[in-house]
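Colleague: Got a predicted structure plus its sequence, pasted below:
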Amino acid sequence: RKEVEQDPGPFNVPEGATVAFNCTYSNSASQSFFWYRQDCRKEPKLLMSVYSSGNEDGRFTAQLNRASQYISLLIRDSKLSDSATYLCVVLLPNAGNMLTFGGGTRLMVKP
Amino acid sequence: DVKVTQSSRYLVKRTGEKVFLECVQDMDHENMFWYRQDPGLGLRLIYFSYDVKMKEKGDIPEGYSVSREKKERFSLILESASTNQTSMYLCASTAYSEAFFGQGTRLTVV
């Protein structure tokens, strides 16, 4: 079983739609969680950190469920520019701050 | 505002050449990582380092070595480049609650 798992997609949605991605992690010692966005042929860039209380940044909402060991990303009112791959990243502080990545979920927003 | 810098954006090398990919971070992070990213395979860890002169193998270390002589610099070395090492290489550095990536080096081995 992979340490961090994501549905690879692609998720094809129309503009204006709401779309949600989930990411499950296997190591209960994981403490920091992030969503990164990666555009084609570019490096991943931080979209948002995920806090225990959940957090929202404009159209984006991230949630953490420690009991079930998953994090989620909700995108409301999708824009064409949201088309990208979204990577779930987990940081393990007891393993040298090891980064563990999900395989990424590809989102394609269509006009 | 650059935090993690990789020495080259694009690189073309010949089979058998020794290749150096450099990564420098300016955040005083202790932990640095090298990944390669290939279509359909996601990000795969090659090597990481949690301190100067310390290194640990990742999931796919074969054909690679690394060097960390200074805290800010983590080098990936392809001892004898092969065509199956054509890929996008990403460097990252982390502290407790943050992680940053370099811009990536697209290496083509011909």
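Modeller: Cool, got the structure.

Colleague: Select the helix or strand of the chain having the lowest average pLDDT value.
Modeller: Going with chain A. When each helix and strand of chain A is scored by mean pLDDT, DSSP states H and E, strand A:98-101 comes last, with a mean of 80.

Colleague: wrong one, chain B
Modeller: Min over SSEs of chain B, mean pLDDT, DSSP H and E: strand B:98-101 (a mean of 83).

Colleague: Buried residues, the least confident helix or strand of chain A. List them.
Modeller: For strand A:98-101, a neighbour-count test (16 or more other CB atoms under 10 Å in any protein chain shown) marks A:98, A:99, A:100, A:101 as buried. The way it works is simple: take the backbone N, C-alpha and C, and place the C-beta from them, glycine included.

Colleague: what are the pairing partners of whatever helix or strand comes next after the least confident helix or strand of chain B, and which direction each?
Modeller: Sequence-wise, the next helix or strand downstream of strand B:98-101 (DSSP states H and E) is strand B:105-109. Strand pairing for strand B:105-109, using DSSP bridges, gives strand B:10-13 (parallel), strand B:87-95 (antiparallel).

Colleague: what's the first one in contact with?
Modeller: Here strand B:10-13 makes contact (CB atoms under 8 Å, 6 or more residues apart in numbering or on different chains) with B:19, B:21, B:78, B:81, B:105, B:106, B:107, B:108, B:109, B:110.

Colleague: Just name the closest of those to residue B:72, please.
Modeller: Closest approach between the contacts of strand B:10-13 and residue B:72, by CB to CB: residue B:21, at 15.2 Å.

Colleague: The helix or strand where that closest one lies packs against which elements?
Modeller: Using DSSP H and E, residue B:21 maps to strand B:19-25. Applying 3 or more CB pairs under 8 Å, 6 or more residues apart in numbering or on different chains; DSSP states H and E, one finds that strand B:19-25 contacts strand B:4-6, strand B:10-13, strand B:31-38, strand B:73-78, strand B:87-95, strand B:105-109.
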